[in-house]
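Asker: the sequence isn't on hand, but the structure is:
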């Protein structure tokens, strides 16, 4: 297995607050990794460092052997990292199809002149974008909503659309920020199956933040645990379940 | 995609019919010279409104300095025809490029700002352009640039307006336009979807400014004069009002807003004391009852009349 992402000693410091401290992580191709921790542990901050939203104060992040510190989010996306958001960020006043097409537009390369005068590569590439976007929507069973505004979709469908949109950028690594938030057990179970399936079908690695332990334990191959910005454990789900420090972080220390 | 071409052709046909009808009416003097002047002003306002809509409505960057780019186009165009003796066509291109260049130059630093801050910055820049012109004696300073030939006529204004609407419509329905819409909807998500937000914001701002420049050349070559007083921030607000009235983000709305406001203002010219009262009351009533504007962000398109399929298309309603 080749190494896809390598985070060495990355820290994110806001003024006097070390939101993430000396975070080290490694993701191989095709792995499904979980990132857990109590609220405010720095999980989303870690995501923001990986996607270029924040530039880590210290440390180095390598993706496919290239340094991504200091790159802008759109450059990181172009390198092959896509993400979803904890609080859904769809293009709410645009149609479901347009949402996915926008993400696919990175791979569209007709010139401005071709676009405004409609010649050359415009029609073939638009057609291709439409087909690709529609194909993705079909996979996520969203094609019947394609002309609906994104904001009118039910909550679960909005989450699915966000994942479809992230996949349209054709990533090698997919970051999912609490994909099961607000879902009932049935939906969570379906999501779990879907994440496994996506990983295989699109041959990518997945890193997911999640509070739903049944989901994390059920689907992840390895898990990293953050507490107060510090990585206190990493290992297989079984190791994490029995790790003393993890239990303390979640349930508090034993009274002696 | 053939549907799209077909739709464009149908719209072009409608435009030709509209053009011929109005041209005949003008020729037979059924439309009197007063209304002819107002129709040309309407067309210039349409260009201004749709180009501002590209910046404010599609890209969501609240700019209120549009009169500044109008002024640049008006003066640069006049310099090319009057001072340098070039033909009108060259002046049109020069005015457009000059405004585009300035738009790009101004856009790069200011588009880092958001919302209110950008509005204030663009308002200030519009005024800076006007004050600068006021102090350049080469273009007549405070007394204005006089002796500009009247070259703009209905045909020029009409076809340039149609062409600009066509370009903006196609821009919106391309990957470039979608990037701008994405920025309006959610800038962070847009950036995570691989969109270089700064690039597209500057692009939209530059194109919007360029077309305001084109409108400026038409403007100064219709009124014989380019005067700094025509390009105050009140002019910027007029254009903004047209866009908001019609519906931010809708080209049909921008066109309707431009036609309606120019029309109302012209129709009420005989009652100067009531003009602003009626104008303001109608705006207040509309905003209370329909804050999203007449069209919201929807477009009037041929599909509504079941003539063809395809994507949004606003040019059906081209005057």
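Answerer: Sure, I can see it. Computed from a predicted structure; not experimentally measured. Residues are numbered from 1 along each chain as shown, chains lettered A, B, ... in the order given.

Asker: what's the local residue count around residue A:237?
Answerer: Per other CB atoms under 10 Å in any protein chain shown, the neighbour tally for residue A:237 reads 17. (Each C-beta comes from the backbone N, C-alpha and C, glycine too.)

Asker: in the helix or strand bottoming out on mean pLDDT in chain B, what counts as buried?
Answerer: Taking mean pLDDT, DSSP states H and E as the measure, chain B has helix B:272-289 as its least confident helix or strand, at a mean of 84. Neighbour counts over helix B:272-289 (16 or more other CB atoms under 10 Å in any protein chain shown) mark residue B:275 as buried.

Asker: and the helices in the chain?
Answerer: Let's take chain A. Along chain A, the segments classed as helices by DSSP state H run A:43-50, A:73-79, A:96-104, A:112-117, A:122-139, A:155-168, A:185-201, A:213-219, A:237-241, A:244-251.

Asker: can you look at chain B instead?
Answerer: Ranges of helices in chain B, per DSSP H, are B:2-27, B:33-53, B:66-78, B:88-110, B:115-134, B:154-172, B:175-185, B:187-192, B:197-220, B:233-246, B:251-267, B:272-289.

Asker: just checking, what packs against the least confident helix or strand of chain B?
Answerer: Of the remaining helices and strands, those touching helix B:272-289 by 3 or more CB pairs under 8 Å, 6 or more residues apart in numbering or on different chains; DSSP states H and E are helix B:233-246, helix B:251-267.

Asker: can I get these in a markdown table including mean neighbour count and mean pLDDT?
Answerer: Shown next, in a markdown table, are those (neighbours: other CB atoms under 10 Å in any protein chain shown; pLDDT from 0 to 100):
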| stretch | mean neighbour count | mean pLDDT |
| --- | --- | --- |
| helix B:233-246 | 22 | 91 |
| helix B:251-267 | 23 | 91 |
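
Asker: re the thing from before, would you single out the least confident of the helices of chain B?
Answerer: Here the lowest mean pLDDT among the helices of chain B goes to helix B:272-289, at a mean of 84.

Asker: center of the chain, which residue is that?
Answerer: Using chain A here. When CA atoms, centre = their mean is applied to chain A, the residue found nearest the centroid is residue A:175 (1.7 Å).

Asker: wait, I meant chain B there
Answerer: residue B:48 (1.4 Å).

Asker: and the helices and strands packed on helix B:272-289 as CSV, adding distance to residue B:5?
Answerer: Formatted as CSV, the helices and strands packed on helix B:272-289 follow (distance: least, CB to CB, whole Å):
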stretch, distance to residue B:5
helix B:233-246, 27
helix B:251-267, 19
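
Asker: residue A:233 is nearest to which of those?
Answerer: Proximity to residue A:233 (CB to CB) singles out helix B:233-246 among the helices and strands packed on helix B:272-289, at 55.5 Å.

Asker: state the pLDDT value of the residue lying closest to residue A:178 once chain neighbours are set aside.
Answerer: Closest residue in space to residue A:178, ignoring its immediate chain neighbours: residue A:86 at 4.9 Å, by CB to CB, 6 or more residues apart in numbering or on different chains. Residue A:86 carries a pLDDT value of 89.

Asker: separation between residue A:86 and residue A:159?
Answerer: As for residue A:86, its distance to residue A:159 is 11 Å (criterion: CB to CB, to the nearest Å).

Asker: ok, residue 249 - contacts?
Answerer: Looking at chain A here, since you left the chain open. A:37-38, A:225, A:227, A:232 (CB atoms under 8 Å, 6 or more residues apart in numbering or on different chains).

Asker: you answered for a different chain; I wanted chain B.
Answerer: By CB under 8 Å, 6+ apart, the contact set of residue B:249 is B:53, B:57-58, B:184, B:296-297.

Asker: of those, which fall within the contact range of chain A?
Answerer: Residues of the contacts of residue B:249 in contact with chain A (CB under 8 Å from any CB of the partner chain): residue B:297.
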